[in-house]
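1. Dropping a prediction and its sequence here:
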There are 2 protein chains.
Amino acid sequence: MGEITSRAPSIRDVAQVAGVSTATVSRTLSTPDVVSKSTREAVFAAIEETGYRVNLAARNLRKRETGAIAVLVPNLANPFFSRILSGIAEVMMEAGLNVLIADTKPTADGEHSFPEYVRQNHVDGIIVLDGKLRHEKLLDRGSADIRAPMVFACEWIASIGRPVVTVDNQEASVRAVQHLLKLGHRKIGHICGPPDNVLSSSRLEGAHGAMQSVGLRMKPDWIYPGDFSLQSGAEAAKLWFASTDRPTAVFAACDEMALGFIGALMRREVNVPNDVSVVGFDDLEMAAHFVPALTTVRQPRATMGRAAARMLLERMRMRPEDRVAGPAPRIILPVKLAERESTAPPPGRGEEESKP
Amino acid sequence: MGEITSRAPSIRDVAQVAGVSTATVSRTLSTPDVVSKSTREAVFAAIEETGYRVNLAARNLRKRETGAIAVLVPNLANPFFSRILSGIAEVMMEAGLNVLIADTKPTADGEHSFPEYVRQNHVDGIIVLDGKLRHEKLLDRGSADIRAPMVFACEWIASIGRPVVTVDNQEASVRAVQHLLKLGHRKIGHICGPPDNVLSSSRLEGAHGAMQSVGLRMKPDWIYPGDFSLQSGAEAAKLWFASTDRPTAVFAACDEMALGFIGALMRREVNVPNDVSVVGFDDLEMAAHFVPALTTVRQPRATMGRAAARMLLERMRMRPEDRVAGPAPRIILPVKLAERESTAPPPGRGEEESKP
DNA sequence: ATCCTGCATGTAATCGATTACAAGATAGAA
DNA sequence: TTCTATCTTGTAATCGATTACATGCAGGAT
């Protein structure tokens, strides 16, 4: 197909063809209104003829920017993040910025990795979806943060004063637990997210708080460890099954764990929701298709992504000294509880088809 | 925290601190062995002291390369791709290359998008996981392909002669169907992938072929349209349910559709596998956790990613004229059938707990 | 006719790293 | 002692685009 060109056409080639200087070509591209109509047309024709594309390395070098932003995702394998990413991409593409996605999934040594192109001045801004990165990495001297603004979305690191876009995790958890309380549950358990994660702790606290406000408490046995994975949900099911004093309802800190939990229970002939009710968090697409369909807290993922993107754009336009002035803004988005099939009154006191 | 530096340290600053020329600093970084031990140490100390990081825009401009490769993913929301991505990232990071991930999900106008940083000479190589991109886009004059080599993984575009890393989809489908045949099924249906997709057609053909080779055929009614989404699996369930002459087993072209299909059936009180057996394709993590656990064709996703990455590295090292010489290589990876709970003998003739 | 204003364009420095080439230094051979 | 080979380092051009500044020109005011 296309002949192998020895070299890509540069702005010089265009200038030559159009019979103008390179400065004029550059101006035609960046500020067309200062160029006369006739030259403008000549330049565009020359661009067409030569097949010219701007060399971004050269532009970036000169402008001291890169035209790209990075998104640090804790684990691409988790479908939860995809919608957020597409929300981000939508806003950024519109703004003419490219989006680099980096998986910070821990490497063999257990460290969350931090891709080189983020450290180096390769991006103009960073959106962090990972609340478990080590502070030093993000704030490393010479790393991008000094030059490139950063915002957190969904998860965040409390000790780093940067803007955050999130939902009110605590409030959402309160609502999830209240839903269970209203159904008549009194013994409610929780499958936690990974320790040291802001989401884990605020969701756990929300659950605790909701119980306390009606004079109940969660037995420590009913609090199962987890790490947001399907597998850890299944592990929680083992614990639930093995115990004698079981909660009649379990609120999982994410849908994956909720589904892993339900799957493992059903494999042991435990019926959800008749034997135990389960509420999730996130509202993954799978949640509605699972049997039983999962009652869960819906996060506005695309909206969250778009909000984070817009926030970052705003910060990128600010002067660096203004960015550090005052407290970092915080956008809290509303959530909704999607009530589906995985929750019902507790066994023995249900209005419906509960079994004794 | 860190003071806002007016400018990032450049190679000049390092040179000045170390008391050498910029050339020596550059050499110390790229070819340390031609530099004397004493200067080398001085330079490293100066780098440490200044916190110097190489400016990639400058390096790329000079070296006419970018140190990054792009992966074009048809739909990030599909968890199938994540493992492939991590396989790619693993190999590429080791080779010192950055990985840019681009979602080519169709925009409003139905066109698969093709991010600017891939068109422009922004990447040194491209891995395409999307078999639905328009040819012109990939081969566009001035686009990256002339300079940057390209390989396909998983999906591919038959008319573009580029290396491909994939599994034998047809053979895998044959095995899936043979598994159903061995269980005693004679009426076997198929949920297709999107039309115009190489995977869809080869999986369908494989299924057809397996039937034909034992003298059977799939009734056209048993071939359900789909697009690899959960939702389309659920739609297929509606069709199955509404028909009178139903297949006793269904082979879905991907796990998502298989799970959507099962979920929708179970919601209609249809039992899987007792009323109908279902086989999927991909072996998503969820497949094993679903109830019933899904029998499915396991694709070696991480291996596929690694193989594609290595293939691309090899192509990047070749001279451009050698790349077009001869037929493009093709790597076919083996698959395995994971037999789980969603398949059983057809109703009425089962050895086990089938119901009449 | 002269001067000023404002627009359109060109000239050339610049961003930071790489590398061909030149030059200096050192050691060994004759 | 002189010459050559080898090793180390510096000089300066280069990659391609942007932009401050200078220049030239047309039209209007006086």
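-> Structure's in. What do you need?

2. quick one: contacts of the helix ranked longest in chain A?
-> Criterion DSSP state H: the longest helix present in chain A is helix A:301-317. By CB atoms under 8 Å, 6 or more residues apart in numbering or on different chains, the residues outside helix A:301-317 that reach it are A:69, A:80, A:83-92, A:95, A:97, A:124-127, A:148-154, A:163, A:165-167, A:282, A:323, A:329, A:331, A:333. C-betas here are computed from N, CA, C, even on glycine.

3. Show me where chain A has its strands.
-> Per DSSP state E, chain A carries strands over the ranges A:68-73, A:98-103, A:125-128, A:150-153, A:164-167, A:188-191, A:223-224, A:249-252, A:277-282, A:295-298, A:330-333, A:336-338.

4. mind listing what's buried in the longest helix of chain A?
-> Within helix A:301-317, the residues that count as buried by 16 or more other CB atoms under 10 Å in any protein chain shown are A:301-313, A:315-316.

5. rewinding a little: and the strands of chain A: which comes nearest B:F290?
-> Ranking the strands of chain A by proximity to B:F290 (CB to CB) places strand A:277-282 first, at 15.0 Å.

6. Quickly check: the closest one near chain B or not.
-> No. Strand A:277-282 lies apart from chain B when judged by CB under 8 Å from any CB of the partner chain; the minimum separation is 12.9 Å.

7. on that earlier part again, which stretch in the strands of chain A is the model least sure about?
-> With a mean of 78, strand A:98-103 has the lowest mean pLDDT of those.

8. Can I get that one as CSV, trimmed to CA atoms?
-> This file holds the C-alpha atoms of strand A:98-103, laid out as CSV (Å, rounded to 0.1, in the frame of the first residue of the first chain):
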residue,chain,number,x,y,z
ASN,A,98,-5.8,12.7,24.7
VAL,A,99,-6.4,10.3,27.6
LEU,A,100,-3.8,7.8,28.7
ILE,A,101,-5.0,5.0,30.9
ALA,A,102,-2.6,3.5,33.3
ASP,A,103,-3.3,0.4,35.4
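
9. Buried residues of stretch A:187-203, list them for me.
-> A:187-194, A:197-203.

10. Convert that stretch to PDB, retaining C-alpha atoms only.
-> Listed next in PDB are the C-alpha coordinates belonging to stretch A:187-203 (Å, rounded to 0.1, in the frame of the first residue of the first chain):
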ATOM      1  CA  LYS A 187     -28.800  -8.900  62.300                       C
ATOM      2  CA  ILE A 188     -26.900  -7.200  59.500                       C
ATOM      3  CA  GLY A 189     -23.400  -8.000  58.400                       C
ATOM      4  CA  HIS A 190     -20.900  -6.300  56.100                       C
ATOM      5  CA  ILE A 191     -18.300  -7.400  53.600                       C
ATOM      6  CA  CYS A 192     -15.500  -4.900  53.800                       C
ATOM      7  CA  GLY A 193     -13.300  -3.500  51.100                       C
ATOM      8  CA  PRO A 194      -9.600  -3.700  51.400                       C
ATOM      9  CA  PRO A 195      -8.200  -2.100  54.600                       C
ATOM     10  CA  ASP A 196      -6.500   1.300  54.200                       C
ATOM     11  CA  ASN A 197      -9.000   2.300  51.500                       C
ATOM     12  CA  VAL A 198     -11.100   5.400  52.100                       C
ATOM     13  CA  LEU A 199     -14.100   3.700  50.500                       C
ATOM     14  CA  SER A 200     -13.800   0.700  52.700                       C
ATOM     15  CA  SER A 201     -13.800   2.700  55.900                       C
ATOM     16  CA  SER A 202     -16.500   5.200  55.000                       C
ATOM     17  CA  ARG A 203     -18.800   2.400  53.800                       C
END
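
11. Of the strands of chain A, flag the one that's most buried.
-> Most buried of the strands of chain A by mean neighbour count (mean count of other CB atoms under 10 Å in any protein chain shown) is strand A:249-252; its value is a mean of 32.

12. Output the contacting helices and strands for that one.
-> helix A:169-182, strand A:188-191, helix A:230-242, helix A:255-267, strand A:277-282 (3 or more CB pairs under 8 Å, 6 or more residues apart in numbering or on different chains; DSSP states H and E).

13. Distance to B:H179 for these - can I get that in CSV?
-> Output for the helices and strands packed on strand A:249-252, formatted as CSV (distance: least, CB to CB, whole Å):
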stretch, distance to B:H179
helix A:169-182, 41
strand A:188-191, 35
helix A:230-242, 25
helix A:255-267, 22
strand A:277-282, 32
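
14. Give me every residue in the stretch 251-356 of chain A lying close to chain B.
-> Of all the residues in the stretch 251-356 of chain A, those lying near chain B are A:259-260, A:262-264, A:266-267, A:285-286, A:289-291, A:293, A:320-321, A:324, going by CB under 8 Å from any CB.

15. how many neighbours does A:E341 have?
-> 16 (other CB atoms under 10 Å in any protein chain shown).

16. Kindly apply the preceding question to A:A236 instead.
-> Residues contacting A:A236 under the criterion other CB under 10 Å number 26.

17. In this structure it contacts A:I223, no?
-> No. Contact criterion CB atoms under 8 Å: A:A236 and A:I223 do not qualify, at 9.6 Å.

18. quick one: A:S173 from DNA strand D, how far?
-> 49 Å (CB to the nearest atom of the strand, to the nearest Å).

19. same check, this time on A:A307
-> When distance is defined by CB to the nearest atom of the strand, A:A307 is 29 Å away from DNA strand D.

20. What residues does the residue lying closest to A:A293 once chain neighbours are set aside make contact with?
-> Nearest non-adjacent residue to A:A293, counting by CB to CB, 6 or more residues apart in numbering or on different chains: A:R340, 3.9 Å away. For A:R340, the contact set (CB under 8 Å, 6+ apart) comprises A:A287, A:A288, A:P292, A:A293, A:L294, A:T295, A:T296.

21. and A:A108, what pLDDT?
-> Per-residue pLDDT puts A:A108 at 61.

22. should've said A:S213
-> 95.

23. And for A:A57?
-> At A:A57, the model reports a pLDDT of 87.

24. Where does the prediction get shaky in the stretch 101-250 of chain A?
-> Residues of the stretch 101-250 of chain A that meet the criterion pLDDT under 70 lie in A:106-121, A:135-147.

25. interface residues of chain A facing DNA strand D?
-> Taking CB under 7 Å from any atom of the strand as the contact definition, chain A meets DNA strand D at A:7-8, A:10-12, A:22-23, A:26-27, A:29-30, A:52-55, A:58-59, A:61-63.

26. of those, list those near chain B.
-> A:A8, A:Y52, A:R53, A:V54, A:N55, A:A58, A:L61.

27. most surrounded residue in these?
-> Busiest of these [other CB under 10 Å] is A:Y52, holding 22 neighbours.
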